[in-house]
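Trainee: sequence first, predicted model second:
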Amino acid sequence: MEPTTMLHYIDEEQNALTKILDDYDFSSDSKLKNTNTVTILATGSSYNACLSAKFAMETMADVTIVIEEPYHFTHYGRLVKGTDTIIGVSQSGKSTSTIEAVKALKSSEIQRIILTSDLKSPIAEVADYVIDLNMGIETVGFVTKGFSATVLQLMLLAIKIGVSKKKIDTHKLDELKKELYEVIGKFSVVIDKSNTFFEQHENVLKLGGRFVALGYGPNWGTVKEFETKFTETVRRPSQGFELESYMHGPYLEANWEHTLFFVETPSCNQSRSQALASYMANYVGEIFKITTDKSSSSDTLGLNVMVSEMFSPLLLVIPFQLLAYRIATTKGIDLSRRIFDDFDSVLKSKIEKVEEN
């Protein structure tokens, strides 16, 4: 039997997310109807998932969201006045910094919601309300299915809050569910197109010295997850930037070793992204685009999918998950071999059990 790899979990995403949507209870919940000001605590891929879902959550739930790195927040941060909800996200449920941050915010006036794939994990012990990511336990350290499940679960939670606050009626709920089913139904097509794109550009991607991805809107979260996945697997300098922030300094390091990915969806920002790509083509080694639009350009992965911008991260992260795995393997990197094996135990970044005060 072949060992489980990132690729297995990428291939499982369509069925896993369909099941999540099938099983979800959208009925009104009185505990959620007063949700207005939310602080989300997450790190790593969980943080990136929250950033990917933030626009959809604020739009559908009519809430204000602040996302914080939990360790920094615990030692240096303050809750926004009027915060009524804390959401802690940890796929493994063992993130020390997230557990400690949520634990410290215990209050009768603030509800604490946890998203995790392990309902028996330490983080589940410090919550008022636990949401099962409903995608099983992902045994590969470089999460893919878990990232996408987290994005979807946050979006569904936003819809449920919207229903509870009477911001989303039955007709609108049906429309949102229909679009999500259609988006998830395109996953296998996106995987096939991503594989073809990799095979067309394998030689260039294999030799890349530094990888940079630029995105806007909710796909700022997508390019931050690109940064995490490429750093973990390809193990070359990799960074994801919000489009405008790249134009305020980071572009100055550009040189022929750089491979740039531009992530685009139809919006008022698309023309700015296209203008920057055109300009940077003179200064970097390679420029690729990944877009929900149709494209005949060999350097553009055109998904040709109709999708609202707020749901687009569900599709646009898949090419980067696939590329991370395939570039790493074509470079000869054995992702099944653990490195820094004692890291968690020495640095105490993950814990098995939390003792309540």
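Mentor: Ah, there it is.

Trainee: make it CA atoms for all contacts and neighbour counts henceforth
Mentor: Fine.

Trainee: so who does residue 245 touch?
Mentor: For residue 245, no residue meets the contact criterion (Cα atoms under 8 Å, 6 or more residues apart in numbering).

Trainee: ah, wrong one, I meant residue 258
Mentor: Neighbouring residues of residue 258 by Cα under 8 Å, 6+ apart: 208-212, 284-286.

Trainee: how about the residue nearest to it when sequence neighbours are not counted, phi and psi?
Mentor: Counting by Cα to Cα, 6 or more residues apart in numbering, residue 210 is the residue found nearest to residue 258 once chain neighbours are left out, at 4.8 Å. Residue 210 adopts backbone torsions of phi -140, psi 130, taken as degrees, to the nearest 10.

Trainee: about what we covered before: so which of the contacts of residue 258 is the closest to residue 6?
Mentor: Lowest distance from residue 6 to the contacts of residue 258 (Cα to Cα) belongs to residue 211, with 20.0 Å.

Trainee: so what's that closest one bridging to?
Mentor: Legend: beta-bridge partners of residue 211 under DSSP bridges are residue 238, residue 259.

Trainee: please enumerate the strands of the stretch 151-300 of the chain.
Mentor: According to DSSP state E, counting those that start in this stretch, the stretch 151-300 of the chain carries its strands in the segments 210-215, 238-242, 258-264, 286-291, 300-302.

Trainee: for those strands, which one sits closest to residue 120?
Mentor: Nearest to residue 120, of all the strands of the stretch 151-300 of the chain, is strand 238-242, at 33.5 Å by Cα to Cα.

Trainee: now that closest one and strand 210-215, what's the angle there?
Mentor: On the basis of axes from the mean of the first three to the mean of the last three Cα atoms, to 10 degrees, strand 238-242 is oriented at 20 degrees to strand 210-215.

Trainee: contacts for strand 238-242?
Mentor: When contacts are defined by Cα under 8 Å, 6+ apart, strand 238-242 is touched by residues 210-216, 220, 223-227, 230-231.

Trainee: which of those residues are buried? Put it as a PyMOL command.
Mentor: Only the buried members of the contacts of strand 238-242 end up in this PyMOL selection, burial being decided by 16 or more other Cα atoms under 10 Å:
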select buried, resi 210+211+212+213+214+215+216+220+223+224+225+226+227+230+231
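
Trainee: so how many other residues sit close to the closest residue to residue 51 other than its chain neighbours?
Mentor: Computed as Cα to Cα, 6+ apart, the closest residue to residue 51 that is not its neighbour in sequence is residue 221, at 4.7 Å. Residue 221 has 27 neighbours, counted by other Cα atoms under 10 Å.

Trainee: residue 254 now?
Mentor: If you count neighbours by other Cα under 10 Å, residue 254 ends up with 16.

Trainee: picking that back up, who are the contact partners of the residue nearest to residue 258?
Mentor: 236-238, 257-259.

Trainee: same thing but 10 Å
Mentor: Shown in contact with residue 210 (Cα atoms under 10 Å, 6 or more residues apart in numbering): 235-239, 254-260, 285.

Trainee: now the helices for the stretch 1-150 of the chain?
Mentor: Using DSSP state H, counting those that start in this stretch, the helices found in the stretch 1-150 of the chain span residues 6-23, 45-61, 70-76, 96-104, 145-164.

Trainee: for residue 304, which of those is the nearest?
Mentor: Closest of the helices of the stretch 1-150 of the chain to residue 304 is helix 6-23, at 17.7 Å (criterion: Cα to Cα).

Trainee: which of the residues in that closest one are buried?
Mentor: Buried-residue list, helix 6-23, by 16+ other Cα under 10 Å: 6, 9-14, 16-18, 20-21.

Trainee: nearest to residue 58 among those residues?
Mentor: Nearest to residue 58 out of these is residue 21 (Cα to Cα; 19.7 Å).

Trainee: quick one: residues contacting that closest one.
Mentor: Contacts for residue 21 (Cα under 10 Å, 6+ apart) come out as 15, 134, 152-153, 156, 177, 180-181, 184.
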